[in-house]
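Engineer: from the sequence below, what's the structure:
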Amino acid sequence: MAPPPHRRPGFSRKAQYSLFATYVIAIAGTVVAALLLVVSIADPAGFAALRAAGAEVTAPVARFFNSVRRTSRDIGGNLSAYFDAASKNAALTKEVAASRTKLIEARALRVENARLRGLLKLQEETAEQVVVARLISSTASSTRRIATLSVGSNYGVERAQPVRGPSGLIGRVIESGPTTARVLLVTDAENLVPVMRASDGLPAFSTGLGNGLVVIKPLNLGESPFKVGDIIVTSGNGGLYQPNIPFARVIRKTNDGALARPLADPANTPYAMVMRAYQGEARTAQQSIAPDGAVQEVVE
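Structural biologist: All right, here's what the predicted structure looks like:
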């Protein structure tokens, strides 16, 4: 048997009241809509007043929702701008780092070019050059101060040849292999260098201290004649080093001499020039009698 077309919503009063209220609201809405339609046709001015009043009533609600919409839009825009700014900041940071690296490289190249120009000028002025090479290593913790050249006997490098840089004297060759050579630095305690004061030619000799400094002592013992700032150059005595090679600057006066800092720093001088001995024949004869650092008998 088919169910009746109109069924009651059960015995629940709440459901019955809900259904009744729905009907009432629907009928009231229809009636109000019909009245508004009649008013709009019969009295357009009155309908406009009613419409204005309705707009005034609903304006606060409209303003609230409009504010909520704009706030949400601003929040979204700010978040988008924040993430966009973060990405742009990261890109700018990378560009700054790359520019800083290029700037450092450019400065290093400028310093390297200055060193090479100094060596080139020295090479043009010096006729006693053997070869220009790199200082590839030097002792750091040993008591000896020895550096290594990147060339050896295959380029004509021999024992007891002076080695200098653009700023001044570095040392002398003590061993020469086929592709490398060892250089005894002027700061070594066993390296004795004949020198003189550049201003008046006062003769003296220098020995290293092993700590980056040298001791300058005059040949005539007595009160020290040196002053802070005096420039010391090689004297040419002994037949090994050419005269007037820049050597050191006095930094402190002592009772019997002075402490000086060499003008050429091997740590900051990647290139060096190997030179021939100033007086080769005299130096060879001297080495046959007493080589550097040793005593040798001459067998006749």
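Engineer: where do the strands of the stretch 51-200 of the chain begin and end?
Structural biologist: Here the stretch 51-200 of the chain has its strands, by DSSP state E, counting those that start in this stretch, at 129-138, 146-149, 162-164, 169-176, 181-185, 192-197.
Engineer: could I get those in TSV, plus columns for distance to D256, mean neighbour count and mean pLDDT?
Structural biologist: All C-beta atoms are positioned from the backbone trio N, CA, C, and that covers glycine. Shown next, in TSV, are those (distance: least, Cβ to Cβ, whole Å; neighbours: other Cβ atoms under 10 Å; pLDDT from 0 to 100):
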stretch	distance to D256	mean neighbour count	mean pLDDT
strand 129-138	29	16	83
strand 146-149	28	21	90
strand 162-164	27	26	91
strand 169-176	23	23	92
strand 181-185	23	24	92
strand 192-197	15	22	92
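Engineer: I'd like those as JSON lines, with distance to D230 appended.
Structural biologist: Shown next, in JSON lines, are the strands of the stretch 51-200 of the chain (distance: least, Cβ to Cβ, whole Å):
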{"stretch": "strand 129-138", "distance to D230": "27"}
{"stretch": "strand 146-149", "distance to D230": "26"}
{"stretch": "strand 162-164", "distance to D230": "20"}
{"stretch": "strand 169-176", "distance to D230": "16"}
{"stretch": "strand 181-185", "distance to D230": "21"}
{"stretch": "strand 192-197", "distance to D230": "6"}
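Engineer: helices or strands up against the host helix or strand of Y17?
Structural biologist: In this structure, Y17 sits in helix 13-42 according to DSSP states H and E. Judged by 3 or more Cβ pairs under 8 Å, 6 or more residues apart in numbering; DSSP states H and E, helix 13-42 is in contact with helix 44-125.
Engineer: quick one: mean pLDDT over the helix it packs on.
Structural biologist: Mean pLDDT, helix 44-125: 68.
Engineer: also stretch 262-276?
Structural biologist: 85.
Engineer: report the buried residues of it.
Structural biologist: By neighbour count with 16 or more other Cβ atoms under 10 Å, stretch 262-276 contains the buried residues 262-264, 266, 269-276.
Engineer: please apply the same query to stretch 239-247.
Structural biologist: If you call a residue buried by 16+ other Cβ under 10 Å, then stretch 239-247 has these buried ones: 239-242, 245-247.
Engineer: point out where the stretch 151-300 of the chain drops to low pLDDT.
Structural biologist: By pLDDT under 70, the low-scoring segments of the stretch 151-300 of the chain are 280-300.
Engineer: phi first, then psi, for the closest residue to T179 other than its chain neighbours.
Structural biologist: Nearest non-adjacent residue to T179, counting by Cβ to Cβ, 6 or more residues apart in numbering: G152, 4.9 Å away. Main-chain torsions, G152, degrees, to the nearest 10: phi -140, psi -140.
Engineer: ok, G152 to E158 distance?
Structural biologist: 9 Å (Cβ to Cβ, to the nearest Å).
Engineer: now do the shared contacts for the two.
Structural biologist: Here G152 and E158 have S176 as joint contacts, going by Cβ atoms under 8 Å, 6 or more residues apart in numbering.
Engineer: looking at the two, which one has more neighbours?
Structural biologist: Neighbours were counted for G152 and for E158 using other Cβ atoms under 10 Å; G152 has more, 21 against 14.
Engineer: so the more buried one is in contact with V183, correct?
Structural biologist: No: using Cβ atoms under 8 Å, G152 is not in contact with V183; the gap is 11.5 Å.
Engineer: ok so, going back, who wins for proximity to G210 among the strands of the stretch 51-200 of the chain?
Structural biologist: strand 181-185 (9.5 Å; Cβ to Cβ).
Engineer: just checking, what packs against that closest one?
Structural biologist: Strand 181-185 sits against strand 146-149, strand 169-176, with contacts defined as 3+ Cβ pairs under 8 Å, 6+ apart.
Engineer: and the angle from it to strand 129-138?
Structural biologist: Angle, strand 181-185 to strand 129-138, by axes from the mean of the first three to the mean of the last three Cα atoms, to 10 degrees: 80 degrees.
Engineer: pairing partners for strand 181-185, with directions?
Structural biologist: strand 146-149 (antiparallel), strand 169-176 (antiparallel) (DSSP bridges).
Engineer: do you know how far P266 is from A133?
Structural biologist: Counting by Cβ to Cβ - P266 and A133 are separated by 13 Å.
Engineer: shared neighbours of the two, anything?
Structural biologist: A272.
Engineer: now stretch 203-222: buried residues?
Structural biologist: Neighbour-count burial for stretch 203-222 flags 204-208, 210, 213-218 (criterion: 16+ other Cβ under 10 Å).
Engineer: work out for me the element V274 sits within.
Structural biologist: Going by DSSP H and E, V274 is in strand 271-275.
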